[in-house]
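1. build the 3D model from these lines:
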Amino acid sequence: MTNQTLIRQQLQQLLDGRNAHMTFDDAVANFPFDLINTRPPNVPYSFWHLVEHLRIAQWDILDFIHNANYIALEWPAGYWPDPEAQATAAEWEDSLARFRADRAALVALVNDPEVDLYAELPHAPGYTILREILVVADHNAYHIGELAILRQVMDAWPG
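-> Presented below is the predicted three-dimensional model:
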């Protein structure tokens, strides 16, 4: 196995949340729809806000990698839904599906042997795909863990 193959496998596992991190799918499995708009005690956002934040941040990094005309979102407001917004069950499912689709696009990028993970992005000197993958994986792991803990606080795990 080459070093390139090994690093690609390790990055895929990091994005998928295997090994030391809970997976996104495990964190949202059988989530009770009646709690998606609930704000846990002392938390200024709901479960859906947190999932949507994960989705937006991950999409933003994917856009940054691919888009030579990338425009950064306003920080921090652009990375969160409106604080008063509430989701329907369909919007919750849409957030989950879009998060998964963007994660799959990142995994495909990592696994593409034609992609140089170490090359600087042409439109962003000093930034590499490797760096961006590590940032998104780190951010996802942090908030997926938060989601799991908040589910525990709210007694929102099945059985």
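2. what about Leu73, distance to Ala148?
-> 26 Å (Cβ to Cβ, to the nearest Å). Using the backbone N, CA and C atoms, a C-beta is placed for each residue, glycine as well.
3. my bad, Leu117
-> According to Cβ to Cβ, Leu117 and Ala148 sit 29 Å apart.
4. and Gln4, by the same measure?
-> Taking Cβ to Cβ as the measure, Gln4 and Ala148 are separated by 33 Å.
5. repeat for Arg100
-> Distance from Arg100 to Ala148, by Cβ to Cβ: 17 Å.
6. thinking again about what came up before, more neighbours, Gln4 and Ala148?
-> Ala148 (17 against 12; other Cβ atoms under 10 Å).
7. buried sites along the helix or strand hosting that one?
-> Per DSSP states H and E, Ala148 falls inside helix 129-153. Across helix 129-153, burial judged by 16 or more other Cβ atoms under 10 Å covers 129-133, 136-137, 139-141, 143-144, 146-148, 150-151.
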